[in-house]
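Trainee: quick one, fold the following:
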Amino acid sequence: MKRVWEIIGRKQTSIGSAATILAIMVLTSRLLGLVRDRLLAARFAPDTLGIYFAAFRLPNFIFELLVTGALTSAFIPVFTRYLTEDKEKEGWHMASIVINISVLLFAVLAIPVIIWAKAFSKFLAPGFSDHQIALMATFSRIMIICQVIPLLIGNFFTGILQSYNLFLLPALAPVVYNVGIIIGIVTLSGTIGLFAPVVGVGLGALLFMLIQLPILIRLGYRHQMKIDVRNRGVREVGKLIGPRTLGLAVSQVDSTVDLMMSSLLGARMVTIFNFAQNLQQVPIGLFGATVAQAVLPTLSAASVREDRDQFKKAMISAIHQILFFILPASVFFIILRIPLVRLIFGAARFDWNATYLTGMTLFMFSLSLFAQTTVQVLARGFYALYDTKTPVIISVISILTNSIASILFILLFHLPVWALGLSTSIASIINVLILFVMLDKRIGHFPFWDLFGPLVKMFFASIVAGIFIYIPLKLFDQLVFDTTRTFGLILLTGTAGSIGLIVYIAMAWLFDVSEAQSFISLLRRVRRGAPVLLEPASEVVSDSSQDKLG
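Mentor: Sure thing, here's the model as predicted:
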């Protein structure tokens, strides 16, 4: 037992090691998410599944407003400052108050939404029939009651643990969340139908919260049932969260428009859009969210010390680590989109038309994977500087662009569902460009070649790798592998993808990209059975900051 506590209580004091822990668990969670989607595709028709996916819109709205803004832009920077200033008890006290206030706000928002869930559902999915609306409203009510509160509290637990540079259990929490949904699908779908994954969502949310509780208690956290809006830390969180919450409220317009437009094309298209979105979220969560979460405490600490050089080094290192993986992943998705969709969702109920449209939607999403991942680090750079207004203003511009483009593409030009992926890519690229220019100006400019030199090399290596994926894909299809069968499809996708990966790593190594050196070093350590925590090429956490951050 002591050994177990040593493992889960081990702190990650570099962006590389923290990101590796997060990446391993996010990969596990995302793979389980794909298993979950495969199980759904095998048991339910796309027209039916669209109701289930649409039902998430209302609970997600409440969750995003209460948690996402507070956690990333306000709570973690403020709580990290308490730890940096050796005021741990004050930090615990502030955390308890923020959680209590969030639960109360949840009740205020949830009660009217639960009461008028049917009316809200009809507005959100205008293309659904009365029967589909009634089922969607029922699912939404269950999710709001059983899912949002455990996830709300559990995500604050995640923020606390990450502020201590403890990333293992917070990274494991999404894994058990998907396990809960899978348990619901496997054990209950035969008896209660589409209610099975809804029940699984509630179970997964509870597991998400509970798995983090033991280490939190061991750290010394004791929840206090107090509300004190005059508390200094609470007021700072409130001040920072205001603009971010406003931005998130506007962002709901984006997600709502996507649901409305896809529902007008039919519940089937809601399923196709969500499957493509879930698939493109794998590299975003694996490489973007993990590094962004890992770098935030370091950026916050550098901001407190007013160390701009350290801040820039952390940002550059994080961006390079993300794009080293995301650029080839984009090429991989674009070229192998149809084989991937067939492998993951190719059940009997998921026909060729659904496969093709999902692949095309994935293609459109993949055009902006670099932007969707990089923007997460850039936004956290502003949060660490105690500036939440600038990212909000820029995100509003992006959201309005996405929403207007989606409406034009579907209602005016009558394009298929993949147009919603295209509008997302256009808006994401605009978002990341403006955000970068503003942050660059704010911190006194990044060193140009230090930032863009390795990126040019990565981009060229990705293009070459794409060529080496495309050629065997076309040559081996049917001539070598029988892709009408699953095993042949696996061999084709695996062979083409492996050739492309080898070429990319080799090209990056030849171009002397430091991230390639780190990746090759990681592979060698795996072969030797050594620990696999990846350290960045240039350490971004100074000795003094390591002491302060634990």
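Trainee: please count neighbours and contacts with C-alpha atoms only from this point.
Mentor: OK.
Trainee: low-confidence ranges, the stretch 1-150 of the chain, go.
Mentor: 1-23, 68-73 (pLDDT under 70).
Trainee: where exactly do the helices run in it?
Mentor: For the stretch 1-150 of the chain, helices defined by DSSP state H, counting those that start in this stretch occupy the ranges 2-8, 15-43, 46-54, 57-63, 69-70, 76-84, 88-115, 117-124, 130-143, 149-163.
Trainee: now those helices as JSON lines including mean neighbour count and distance to residue 432?
Mentor: Listed next are these as JSON lines, based on neighbours: other CA atoms under 10 Å; distance: least, CA to CA, whole Å:
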{"stretch": "helix 2-8", "mean neighbour count": "10", "distance to residue 432": "35"}
{"stretch": "helix 15-43", "mean neighbour count": "21", "distance to residue 432": "21"}
{"stretch": "helix 46-54", "mean neighbour count": "22", "distance to residue 432": "28"}
{"stretch": "helix 57-63", "mean neighbour count": "21", "distance to residue 432": "23"}
{"stretch": "helix 69-70", "mean neighbour count": "23", "distance to residue 432": "18"}
{"stretch": "helix 76-84", "mean neighbour count": "24", "distance to residue 432": "22"}
{"stretch": "helix 88-115", "mean neighbour count": "18", "distance to residue 432": "30"}
{"stretch": "helix 117-124", "mean neighbour count": "19", "distance to residue 432": "28"}
{"stretch": "helix 130-143", "mean neighbour count": "21", "distance to residue 432": "33"}
{"stretch": "helix 149-163", "mean neighbour count": "23", "distance to residue 432": "25"}
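Trainee: what's the closest of those to residue 276?
Mentor: Comparing these by their distance to residue 276 (CA to CA), the top pick is helix 15-43, with 10.7 Å.
Trainee: work out for me the element the residue lying closest to residue 246 once chain neighbours are set aside sits within.
Mentor: In space, and not counting its chain neighbours, residue 246 is closest to residue 392: 7.6 Å by CA to CA, 6 or more residues apart in numbering. Assigned by DSSP states H and E, residue 392 belongs to helix 389-407.
Trainee: helices or strands next to that helix in the packing?
Mentor: Judged by 3 or more CA pairs under 8 Å, 6 or more residues apart in numbering; DSSP states H and E, helix 389-407 is in contact with helix 232-264, helix 369-384, helix 418-442.
Trainee: distance to residue 288 added to the helices of the stretch 1-150 of the chain, as TSV?
Mentor: Formatted as TSV, these follow (distance: least, CA to CA, whole Å):
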stretch	distance to residue 288
helix 2-8	23
helix 15-43	9
helix 46-54	24
helix 57-63	21
helix 69-70	17
helix 76-84	18
helix 88-115	26
helix 117-124	29
helix 130-143	27
helix 149-163	16
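Trainee: residue 343 is nearest to which of these?
Mentor: helix 15-43 (9.1 Å).
Trainee: got phi/psi on residue 481?
Mentor: phi -110, psi 140 (degrees, to the nearest 10).
Trainee: please list all residues in contact with it.
Mentor: 488-489, 491-492 (CA atoms under 8 Å, 6 or more residues apart in numbering).
Trainee: in helices only, show me those residues.
Mentor: Applying DSSP state H to the contacts of residue 481, the entries found in helices are 488-489, 491-492.
Trainee: pull out the buried members of the residues you listed.
Mentor: In the ones in helices among the contacts of residue 481, burial by neighbour count holds for 488-489, 491-492, counting by 16 or more other CA atoms under 10 Å.
Trainee: which one of these is nearest residue 275?
Mentor: Using CA to CA, residue 489 comes nearest to residue 275 of these, at 19.5 Å.
Trainee: please name the nearest non-neighbouring residue to that closest one.
Mentor: That would be residue 483: by CA to CA, 6+ apart, it lies 4.5 Å from residue 489.
Trainee: ok, the residue most central in space within the chain - contacts?
Mentor: Centroid check for the chain by CA atoms, centre = their mean gives residue 285 as the closest residue, at 3.9 Å. Residues in contact with residue 285 (CA under 8 Å, 6+ apart) are 26-27, 30.
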